[in-house]
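# Quick one: sequence plus predicted model below, questions after.
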Amino acid sequence: MNAANKGILIAIEGIDGTGKSTQVGLLARYLRGKGCEVIETREPTGGPYGRRIRELFVDRGSCTLEEELNLFIEDRRQHVREVIAPALERGLIVLTDRYYFSTAAYQGAAGMNPAEVFARNSFAPRPDLVILLTMSPEISLVRIRESRGEELNDFEQEDQLRRVAELFSSFDDPCIRSIDADASLEHVAREIQKAVDRLLLDNNYVCTGRRTV
Ligand code: TMP
């Protein structure tokens with residue numbers, strides 16, 4: 001088990017349109033079915049910083065890159081303090097849809113130094129596993145347009161997304177497990193389940209709760 005906490009922290013990362021949110025839901029259901037107690041959460045959060053961040057989706061130019069980075073970091077600080085750390089302390093499994101790898105990739109693609117972004121996130125507990133869903137930016141853009149029937153937000157412009165994808169692939173961290181998200185939903189879900197089963201086994205993590213479906 002991660003020496004710093006009693007629970008298990010799993011982050012699902014990747015560019016927009018890779019199906020992260022769906023996979024978080026499927027993984028949570030799978031784990032609950034095994035009797036695990038699971039918290040599903042996401043970033044940006046619904047808190048005050050997260051709300052300000054969502055305003056930027058339609059008008060990214062309304063603040064500087066440094067201010068934008070600060071918002072993501074303050075949002076995470078609050079998320080860690082109020083949700084992630086208490087759940088880990090209780091020994092639960094926390095699934096977060098995006099975490100600090102997104103900040104290094106997205107704000108890195110916008111011009112910040114990814115290494116500095118990682119350094120500024122050192123307050124955040126290290127995840128036990130990062131599932132990185134990979135997909136070509138071209139396909140992800142088609143999916144975003146089709147599934148949401150909406151125009152791209154200011155964080156999803158094509159060149160930008162390409163740089164984000166490149167940065168995500170460049171991160172060399174032993175906790176990252178890349179999974180090709182071009183495959184079917186079910187196949188991707190099974191690959192994620194295998195990686196998580198292995199993680200729980202390696203950590204001697206036993207789900208003791210009542211099994212639910
Ligand atoms: P979402 O679509 O997964 O809710 O994410 C919202 C957008 O925020 C997405 O385009 C990626 C972006 N983002 C960052 O730029 N930096 C971050 O640290 C996080 C968590 C998200």
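Perfect, thanks for sending it. Numbers count the residues shown, from 1 in each chain.
# Of all the residues in the longest helix seen in the chain, which ones are buried?
As assigned by DSSP state H, the longest helix anywhere in the chain is helix 185-202. For helix 185-202, a neighbour-count test (16 or more other CB atoms under 10 Å) marks Val188, Ala189, Glu191, Ile192, Gln193, Val196, Leu199, Leu200 as buried. Yep, even glycine has a C-beta here, placed from its N, CA and C like the rest.
# what residues are up against the most centrally placed residue in the chain?
Nearest residue to the geometric centre of the chain (CA atoms, centre = their mean): Arg98, 1.9 Å. Going by CB atoms under 8 Å, 6 or more residues apart in numbering, Arg98 touches Ala11, Ile12, Glu13, Lys20, Arg42, Glu43, Pro44.
# hmm, back to that, just checking, what packs against the longest helix of the chain?
If you count contacts as 3 or more CB pairs under 8 Å, 6 or more residues apart in numbering; DSSP states H and E, helix 185-202 packs onto strand 8-14, helix 20-33, strand 129-134, strand 176-180.
# deepest of those, which one?
Across the helices and strands packed on helix 185-202, averaging neighbours per residue (mean count of other CB atoms under 10 Å) puts strand 8-14 on top, at a mean of 26.
# That strand: partners in the sheet, and parallel or antiparallel?
With DSSP bridges as the test, strand 8-14 is paired with strand 93-97 (parallel), strand 129-134 (parallel).
# Would you format these as JSON lines with mean pLDDT and distance to the ligand included?
Shown next, in JSON lines, are those (pLDDT from 0 to 100; distance: least, CB to the nearest ligand atom, whole Å):
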{"stretch": "strand 93-97", "mean pLDDT": "98", "distance to the ligand": "6"}
{"stretch": "strand 129-134", "mean pLDDT": "98", "distance to the ligand": "11"}
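# right, and those strands - which one's nearest Ala87?
Closest approach to Ala87 among the strands paired with strand 8-14 is made by strand 93-97 (4.9 Å; CB to CB).
# what's next to that closest one, contact-wise?
Identification of contacts with strand 93-97 by CB under 8 Å, 6+ apart yields 7-12, 20-21, 24, 27-28, 31, 36-43, 79, 83-84, 87-88, 127, 205.
# For the following helix or strand past it, list the C-alpha coordinates in CSV.
Downstream of strand 93-97, the next assigned helix or strand under DSSP states H and E is helix 100-109. What follows is helix 100-109, C-alpha atoms only, in CSV (Å, rounded to 0.1, in the frame of the first residue of the first chain):
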residue,chain,number,x,y,z
TYR,A,100,-2.3,16.8,-11.5
PHE,A,101,-1.1,15.0,-14.7
SER,A,102,-3.8,17.0,-16.5
THR,A,103,-2.4,20.2,-15.2
ALA,A,104,1.1,19.3,-16.3
ALA,A,105,-0.2,18.3,-19.8
TYR,A,106,-2.8,21.0,-20.4
GLN,A,107,-1.1,24.0,-18.8
GLY,A,108,2.2,22.6,-20.1
ALA,A,109,0.7,22.6,-23.6
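# Alright, that wraps it up for me.
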